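Chemist: Structure for the following, please:
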Amino acid sequence: MNSTQQLNDTEDLTEIKWLWLCNIMAAEGVIGVLGNLLVCFVILRVKFLHNMTNYLLVNLAVADMLLCLQEFFLYLMSCSLLDFVPTNIIGRELYCRILRSKYLAWALSYASAYNLCVVTLERYVAIVHPLQYERKLTATRMKTLIALIWVISFLFSAPYILMMESSTDPDQACLDLKHHHQEFQQFLKVFTILMCCLLPITLMSLAYYKIQVTLKRQAKALKLRHARAAAYDLVIARQRLIQTLTIVLGALIILWMPVSIVFLLCVGPPYEGLISFCDSDTYGYSFDISNFFYYFNSVINPIIYGLKYKKFRQGVKVAFCSCVKRKWNNRVDIEMVPT
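Modeler: Numbers count the residues shown, from 1 in each chain. Below you'll find the model as predicted:
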C-alpha cells in the first residue's frame, strides 16, 4: 500500500515538473517570436536601416523566429496543452516526421547558424576587401546564397525524418523508430554537431579575428595620418557593429555548447560506457536545461541589438515615435558603408 502511494506521488511530482518545464519553454518561444518580429519590423520600416547588413539580420531574425515558433508549438503539444493531432494517415505521418521529430528544430538551427555566417561574410568582405565588395557581393548573388542556405539547412536535417513515425496506438500519436544500425544514429549526431555548430563557429571566429586585426590597423593608420574626423568615425562605427556581432557569436557558442555536449555524451551504442548515466534523471535534467539554453540563443539576439547596436535603438525610436522620425530619416548612415 505504502509503495503504491509512493509511486503515485513520484508520478504526480514528475508530471508537475514536466508541466512547469513546458510552460517555461512555451513562454520562451513566445518571447523569442515577439523579439525577432520586432527586429524585422524595425529594420523593414525604418529607411536609414535599409542596407545589406541589416537585411541579412532580418533573414537571421526570421530563422530564429521560426525556431522559437517551433519550440512554442512543440512544448504545448508535448504537455497536451494544445491538442493537435491529424486524424488522416498522411497528416499524422507529416505531423510526426516533421513537427514532432527533431527535423524542424535542426533545420532551423542550421538556417540560423549559416545565416549568421552570411552576415559575417558580408562584413568580412566589406572591411577586409572593401574594393571587391561591389563586385563580389551583388544583390543577386546574396539572394542566391540565402536561398541556397535555406535549402541546404533542410537537406542536412532530412535524416531526422526517418527517426519518427506515426503510431497506431490511439493513446500515442508518434513512435521513435529503432534503427537496426546504431552507427546511423551515431553518425547523424556527430554530423549534426560538426556541421551545425563546430564548422560555422570556427569559420566565423577566424573571420572576426581577421576583421578585428584589420580595423585596428585602419584606426592606427588614420591616427598617424591625422585623418579627418569623418573617416575615423567610420572606423569606430564599424568597430562597434563588429563588437555587437561578435557578442552574438559568443552567445551562440556559450548557449549551444551545453546541448552539443549532452547530445554527444551518449552517442555510443547502449552496451558501452555511460549507459547508466544516460538513463538517469540527472541526464534528463541536463538535457532539459541545455535545451532551454539552446532555444534561448534565438531569444537573446534582439536583446543584444537593443543593448549594443546604437542604430537599431535609434530605429526603434523612429518606428514607434513619430516625433523623432523626421530627424533620423534625414541623417546619413555611415555605419554600414562598405568602403
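Chemist: Over to E165. Which of the three states is it?
Modeler: strand (DSSP: H, G, I helix; E, B strand; the rest coil).
Chemist: contacting residues for L37?
Modeler: Going by Cβ atoms under 8 Å, 6 or more residues apart in numbering, L37 touches 61, 65. Quick note: C-beta positions are derived from backbone N, CA and C, even for glycine.
Chemist: Could you tell me the per-residue confidence at it?
Modeler: L37 is assigned a pLDDT of 96 by the prediction.
Chemist: so which helix or strand takes in it?
Modeler: The secondary structure element spanning L37 is helix 2-45 (assigned by DSSP states H and E).
Chemist: how near is the closest residue to I89 other than its chain neighbours to L104?
Modeler: On the basis of Cβ to Cβ, 6 or more residues apart in numbering, the spatially nearest residue to I89 that is not a chain neighbour turns out to be S166, at 7.3 Å. Relative to L104, S166 is positioned 16 Å away (Cβ to Cβ, to the nearest Å).
Chemist: number of nearby residues for the residue nearest to I89?
Modeler: A count of neighbours around S166, defined by other Cβ atoms under 10 Å, yields 21.
Chemist: I'd guessed it sits against L99; true?
Modeler: No - under the contact definition of Cβ atoms under 8 Å, S166 does not touch L99, with a separation of 11.4 Å.
Chemist: where in the stretch 1-150 of the chain is pLDDT low?
Modeler: Counting by pLDDT under 70, the stretch 1-150 of the chain shows low-confidence ranges at 1-15, 80-87.
Chemist: Within the helices and strands, which one has I247?
Modeler: helix 229-265.
Chemist: Would you mark the buried spots in that helix?
Modeler: Applying a neighbour-count criterion of 16 or more other Cβ atoms under 10 Å, one finds 232, 234-235, 237-239, 241-242, 244-249, 251-252, 255-256, 258-260, 262-263 buried in helix 229-265.
Chemist: hmm, back to that, report the distance from the following helix or strand past the helix holding L37 to the chain centre.
Modeler: Toward the C-terminus, helix 2-45 is succeeded by helix 52-78 as the next helix or strand (DSSP H and E). Average the C-alpha atoms of helix 52-78, do the same for its chain, and the two points are 7 Å apart (Cα atoms, centre = their mean, to the nearest Å).
Chemist: list the buried ones in helix 52-78?
Modeler: Using 16+ other Cβ under 10 Å as the test for burial, helix 52-78 gives 52-77.
Chemist: how close does the nearest residue to V262 once chain neighbours are set aside get to I193?
Modeler: Here the nearest residue to V262 in space, its sequence neighbours aside, is S290; by Cβ to Cβ, 6+ apart that works out to 4.7 Å. Counting by Cβ to Cβ, the gap between S290 and I193 amounts to 12 Å.
Chemist: do the same with I261
Modeler: Here I261 is placed at a distance of 9 Å from I193 (Cβ to Cβ).
Chemist: just the strands in the stretch 101-250 of the chain please.
Modeler: Using DSSP state E, counting those that start in this stretch, the strands found in the stretch 101-250 of the chain span residues 164-166, 174-176.
Chemist: can you list those strands in TSV and add distance to R135 and mean pLDDT?
Modeler: Below are these laid out as TSV (distance: least, Cβ to Cβ, whole Å; pLDDT from 0 to 100):
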stretch	distance to R135	mean pLDDT
strand 164-166	46	73
strand 174-176	50	71
